[in-house]
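# got a predicted model here, sequence first, then my questions.
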Amino acid sequence: MRIWFQNKSIFKKLLMTFALVVIIPQGVSYYIAQRTASDLIISQNIAETVNSLTLVANSIDNLLQRAYSMALYVSSNEGVRHMLQETSNDISNIYGLNTQDLQLRQLERINQFSRIINNLAFNMIEVRSYITVAAYGQMFMNWTYTGNFSEGYFRYKDSGRIWIAFEPNYVSVDLRNLPYVWTIGKNIIDPLDNTWQGAFVISIPERSIAGFLAADDLQTRFILDEYNRIISSTQPELLGQNFYMFNDNPNIIITQVPLRSWQVVDIKYYDSIMHQLNVSRQNLLMINVLSIAALVFITAFIARGISRPLEKRFIDDARAKREAELKALQAQISPHFLFNTLNSIRWAAFNNNNKKAGDMTFALSNLLRMTIVNGDEFIALETEVENLHHYVNIFQMSQAIDFTFVAEIPDTLKSYRIPKLLLQPIVENSLIHGFNEDTQGGLINVKAETADSRVCILIEDNGSGIDAAKPHKKGQKLSGIGMDNVSERIKMNFGAEYGLQIESEIGRGTVVRLILPHR
């Protein structure tokens, strides 16, 4: 990992450092902040829901308590018990009254009960309700009786209990719109002989109770009795169904508060709670992404401004160092080559072969002038080929090898400038590795052409091919520049996309292509 990082450019190192120092911590902070905000919103929503349900439970409990108080008041009121007793007496006509007097007495009691019932409904309930006082043979009420139940409906065995029930609405005219009612009642007992005198019953439509639940479209609220039956709900279709307090759906949040022996329940969907946060989260994410993109752009701009001079200086230093090494190599004539060439000249002179001695001296002097005296780094391709002729002539005159050197350079490329001594190491490689004393009809051909906006220089030989295991003959090498140095010089001067292509087959020869830019 360390080596991988070290191999990256200064620009990439700065960007990766920025990512580690800024982007990753910001991303982690954003994630933690969103999770914290989500948890906080859920907790706050649950707390608010509990408070709201508590208010609902208190309101409904207050309504029930007022109904209970009404039941206690009516069942213990001596005037009510007296009127109920008189109703029973008139039914038996113990006073011996005629029919008209009985009807007047009955009408008067009806009016008295109506005043009591209406006064109770107005002052104590404040919601729509059905109030009934039932006695032997007669019922007093604030609703229209259609005869769909008998007085036994109001009679309960436990004389001291206030009872409550969730049941279908017994008022037929309202059954369609108000299908269910909560019914609260108490028997009216004579305290002297503990006999049943009647019953007080108040029924509140379930829709009036549901009005206290105050739910919106994103939630469902209902009340469960002790049997887990839904006895009031913001969704009427749920009434009468059973509901059990377990939740294996992580997308649902259930909150509940007690109401006497019942439960007030609130159900919300997680997505509905988080909707606004999700919108804010998306907006914040977009802002963060844009901010990070802007920071990356600014950082890249600054990093490029910092890295470019550093990288240029590093590359220039490396180039200068390598060019100095290559110049030192190309300026350094191999002592073995020089000794062998001078020795060949000596023997030619000793044998009175003045032409050979003169030609070798001329060729050697031109090579020395090119490598030592001429300080130009780039020379024309025509000049490089001319130097190849000098080197080949020396090689032919000093070595007993039969080969022919041919150079075919079009006029349009003769002035094309290349690094000095770029082709010589390749020709030298062909001579050293491709030919020997037994070679007959050897050929080295140098060609140049343009193709696809590039210059291609081909050096072909029909020698024995390149054998990596074959040792170099030091006495035959002009300088320390080798094939690898040639490829490196091309890339250093022209770019990484340029260089050498070598095709060699043992026994058939070698083709070397130098790919250079067309300028």
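Received it, and whenever you're ready, just let me know what you need. Numbers count the residues shown, from 1 in each chain.

# any idea which helix or strand comes after the strand or helix carrying residue 114?
Using DSSP states H and E, residue 114 sits in helix 99-120. Per DSSP H and E, helix 99-120 leads on to strand 130-135 as the next helix or strand towards the C-terminus.

# and whatever helix or strand comes next after that following strand, how far out from the chain middle?
The helix or strand immediately downstream of strand 130-135 is strand 138-141, counting by DSSP H and E. Once both centres are worked out by CA atoms, centre = their mean, to the nearest Å, strand 138-141 turns out to sit 71 Å from its chain's centre.

# can you list the buried residues in strand 138-141?
Neighbour counts over strand 138-141 (16 or more other CB atoms under 10 Å) mark 138, 139, 140, 141 as buried. (Each C-beta comes from the backbone N, C-alpha and C, glycine too.)

# list the residues that contact the third one.
If I follow you right, that is residue 140. 109, 110, 113, 114, 117, 132, 133, 134 (CB atoms under 8 Å, 6 or more residues apart in numbering).

# just the helices in this protein please.
Taking DSSP state H as the criterion, the chain carries its helices at 2-6, 10-18, 24-76, 78-92, 99-120, 206-213, 270-331, 335-350, 354-368, 381-398, 424-434, 483-494.

# using PDB, write out the CA atom coordinates for the fourth one.
In other words, helix 78-92. Taking Å, rounded to 0.1, in the frame of the first residue of the first chain, the C-alpha atoms of helix 78-92 are listed here in PDB:
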ATOM      1  CA  GLU A  78     -85.100  10.700  45.800                       C
ATOM      2  CA  GLY A  79     -87.300  12.700  43.500                       C
ATOM      3  CA  VAL A  80     -86.600  10.400  40.600                       C
ATOM      4  CA  ARG A  81     -87.200   7.300  42.700                       C
ATOM      5  CA  HIS A  82     -90.500   8.900  43.900                       C
ATOM      6  CA  MET A  83     -91.600   9.500  40.300                       C
ATOM      7  CA  LEU A  84     -90.800   6.000  39.400                       C
ATOM      8  CA  GLN A  85     -92.700   4.700  42.300                       C
ATOM      9  CA  GLU A  86     -95.700   6.800  41.400                       C
ATOM     10  CA  THR A  87     -95.500   5.500  37.800                       C
ATOM     11  CA  SER A  88     -95.700   2.000  39.300                       C
ATOM     12  CA  ASN A  89     -98.600   3.000  41.500                       C
ATOM     13  CA  ASP A  90    -100.500   4.500  38.600                       C
ATOM     14  CA  ILE A  91    -100.100   1.400  36.600                       C
ATOM     15  CA  SER A  92    -101.700  -0.500  39.400                       C
END
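
# tilt between it and helix 99-120?
Angle of helix 78-92 versus helix 99-120, following axes from the mean of the first three to the mean of the last three CA atoms, to 10 degrees, is 150 degrees.

# what comes up buried for helix 78-92?
For helix 78-92, using 16+ other CB under 10 Å, the buried residues are 80, 81, 83, 84, 85, 86, 87, 88, 90.

# angle of the helix holding residue 114 against helix 24-76?
Helix 99-120 runs at 150 degrees relative to helix 24-76, counting by the same axes, to 10 degrees.

# now helix 99-120: mean pLDDT?
For helix 99-120, the mean per-residue pLDDT is 87.

# could you list the buried residues of it?
Using 16+ other CB under 10 Å as the test for burial, helix 99-120 gives 105, 109, 113, 116, 117, 120.

# where in the stretch 301-450 of the chain is pLDDT low?
303-304, 307, 310-311, 314-315, 317-337, 339, 371-375, 400, 437-438 (pLDDT under 70).
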